[in-house]
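**Student:** Need a 3D model of the sequence below.
(chains A and B)
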There are 2 protein chains.
Amino acid sequence: MTRTAFVSKKLLAAALACGLLAAAPAYAQFAKPQDAVKYRQSAFVVMAASFGRIGAMVQGKAPFDAKAALQNAEIVAFMSNLPWQAFGPGTDLPDSHAKPAIWKEMDKFKADADKLQQMTPKLVAAAKTGKLDEIKVVFGETAKTCKSCHDAFREEL
Amino acid sequence: MTRTAFVSKKLLAAALACGLLAAAPAYAQFAKPQDAVKYRQSAFVVMAASFGRIGAMVQGKAPFDAKAALQNAEIVAFMSNLPWQAFGPGTDLPDSHAKPAIWKEMDKFKADADKLQQMTPKLVAAAKTGKLDEIKVVFGETAKTCKSCHDAFREEL
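**Tutor:** Here you go, the predicted model:
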């Protein structure tokens, strides 16, 4: 065994521990359609958790914590860029929340995704003011972009 | 119905569409232990997908794309901060990958998490050089932090 092969084998073992097996082969972003579904659902879970924490403050269900609001707004903004890559051709699996309309009206779907991505930096900016009233306004606008996209493209299972 | 109540109802409807129901109540970060498990697993899924894409380049299974490597390194770095908050008391559910050792040796677990968080900015820095050889070195070191933590704390189901 050459030294290179040995190093590669060790690297592989370590990489496997990091989920490499679930990752993309050569040119594709996801090895299997199921991986794409899992990825986008995971991104939404993380985004929704942070959005929900801001929502709890906005609705008076949790005390306002300006620092936590900003941290969560930054997570929402970051995550809002991620799920869309995982709606590629062939990822319209019947057991996902994604309606077939996504692939039939991909331009509209992408426009909806863009609206969210344009809104989330405004949520960060509002959170940076440290003022709950300002956050509340942008939170409401952001929530509307979620809802209009979900109404068109998300199936309740 | 007051105007405030009306606005709040609309806000609630929109917020629900964004996953607010799955979010935290008053002071807790997660409403249910299952939500914490789902959150941390989701964060790991997103992190592993990006780490795996860099790994595919490092291992020569995908062509080297410096821009994609940097984007994915930035995702890994961002995500590496998120899962740990979701290993709170009471979230040691039997159907998760988390070994009970996490809660018995929380200091060691947190130290392992810190190691990863200290490594991932270095992965971003390596990716910024645009040199695959530099990325490969830091990728290997990062993968080792995954593996040593998984060996101690992650159960295969």
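
**Student:** drop to CA atoms for contacts and neighbour counts, all remaining ones
**Tutor:** Noted.

**Student:** Could you say which helix or strand holds the residue positioned nearest the centre of chain A?
**Tutor:** Centroid-nearest residue in chain A: A:Ala43, 3.3 Å away (criterion: C-alpha atoms, centre = their mean). Using DSSP states H and E, A:Ala43 falls within helix A:33-58.

**Student:** quick revisit: what pLDDT does the residue nearest to the centre of chain A get?
**Tutor:** For A:Ala43, the model assigns a pLDDT of 97.

**Student:** on that earlier part again, which is the succeeding secondary structure element to the helix holding A:Ala43?
**Tutor:** Following helix A:33-58 in sequence, per DSSP H and E, is helix A:66-79.

**Student:** pull the CA atoms of that following helix into PDB?
**Tutor:** C-alpha atoms of helix A:66-79 as PDB (Å, rounded to 0.1, in the frame of the first residue of the first chain):
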ATOM      1  CA  ALA A  66     -32.600  41.800  21.400                       C
ATOM      2  CA  LYS A  67     -29.500  39.700  21.200                       C
ATOM      3  CA  ALA A  68     -31.300  36.500  20.700                       C
ATOM      4  CA  ALA A  69     -33.600  38.100  18.200                       C
ATOM      5  CA  LEU A  70     -30.600  39.200  16.100                       C
ATOM      6  CA  GLN A  71     -28.900  35.900  16.300                       C
ATOM      7  CA  ASN A  72     -32.100  34.100  15.200                       C
ATOM      8  CA  ALA A  73     -32.700  36.700  12.400                       C
ATOM      9  CA  GLU A  74     -29.200  36.000  11.100                       C
ATOM     10  CA  ILE A  75     -29.900  32.200  11.200                       C
ATOM     11  CA  VAL A  76     -33.100  32.800   9.200                       C
ATOM     12  CA  ALA A  77     -31.300  35.000   6.700                       C
ATOM     13  CA  PHE A  78     -28.500  32.400   6.200                       C
ATOM     14  CA  MET A  79     -30.900  29.400   6.000                       C
END
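
**Student:** pLDDT averaged over that helix - what is it?
**Tutor:** Mean predicted confidence for helix A:66-79 is 97.

**Student:** re the thing from before, nearest spatial neighbour of the residue nearest to the centre of chain A, skipping sequence neighbours?
**Tutor:** Among residues not flanking A:Ala43 along the chain, A:Pro83 sits closest, at 5.8 Å (C-alpha to C-alpha, 6 or more residues apart in numbering or on different chains).

**Student:** which residues touch that neighbour?
**Tutor:** By C-alpha atoms under 8 Å, 6 or more residues apart in numbering or on different chains, A:Pro83 lies in contact with A:39-41, A:43-44.

**Student:** hang on, the earlier thing: my read is that the residue nearest to the centre of chain A contacts B:Gln41, right?
**Tutor:** No: with contact defined as C-alpha atoms under 8 Å, A:Ala43 does not reach B:Gln41; the gap is 10.5 Å.

**Student:** Report how many residues lie close to A:Glu156.
**Tutor:** Neighbours of A:Glu156 under the rule other C-alpha atoms under 10 Å in any protein chain shown: 9.

**Student:** let me fix that: A:Val45
**Tutor:** With other C-alpha under 10 Å as criterion, A:Val45 counts 24.

**Student:** returning to what we had before: in the helix holding A:Ala43, what's buried?
**Tutor:** A:33-58 (16 or more other C-alpha atoms under 10 Å in any protein chain shown).

**Student:** go on, stretch A:76-95?
**Tutor:** Result for stretch A:76-95 [16+ other C-alpha under 10 Å]: buried residues A:76-84, A:86-88, A:91-92.

**Student:** Check stretch A:110-124 too.
**Tutor:** A:112-113, A:116-117, A:119-124.

**Student:** quick one on the thing from earlier: quick check, distance from the helix holding A:Ala43 to the centre of its chain.
**Tutor:** A distance of 5 Å separates the centroid of the chain from that of helix A:33-58, by C-alpha atoms, centre = their mean, to the nearest Å.

**Student:** what do you get for stretch A:32-48?
**Tutor:** So, by C-alpha atoms, centre = their mean, the centroid of stretch A:32-48 is 7 Å from its chain's centroid.

**Student:** what does stretch A:109-126 give?
**Tutor:** With C-alpha atoms, centre = their mean, you get 12 Å for stretch A:109-126.

**Student:** again, but for stretch A:135-150
**Tutor:** Using C-alpha atoms, centre = their mean, the offset of stretch A:135-150 from its chain centre is 15 Å.

**Student:** Would you mark the buried spots in that stretch?
**Tutor:** A:135-136, A:138-147, A:149-150.

**Student:** what residue ranges in chain A score low on pLDDT?
**Tutor:** A:1-28 (pLDDT under 70).

**Student:** circling back to that earlier point, out of the contacts of A:Pro83, which one sits closest to A:Gln29?
**Tutor:** A:Tyr39 (10.7 Å; C-alpha to C-alpha).

**Student:** who's in contact with that closest one?
**Tutor:** A:83, A:86, B:42, B:45-46, B:49.
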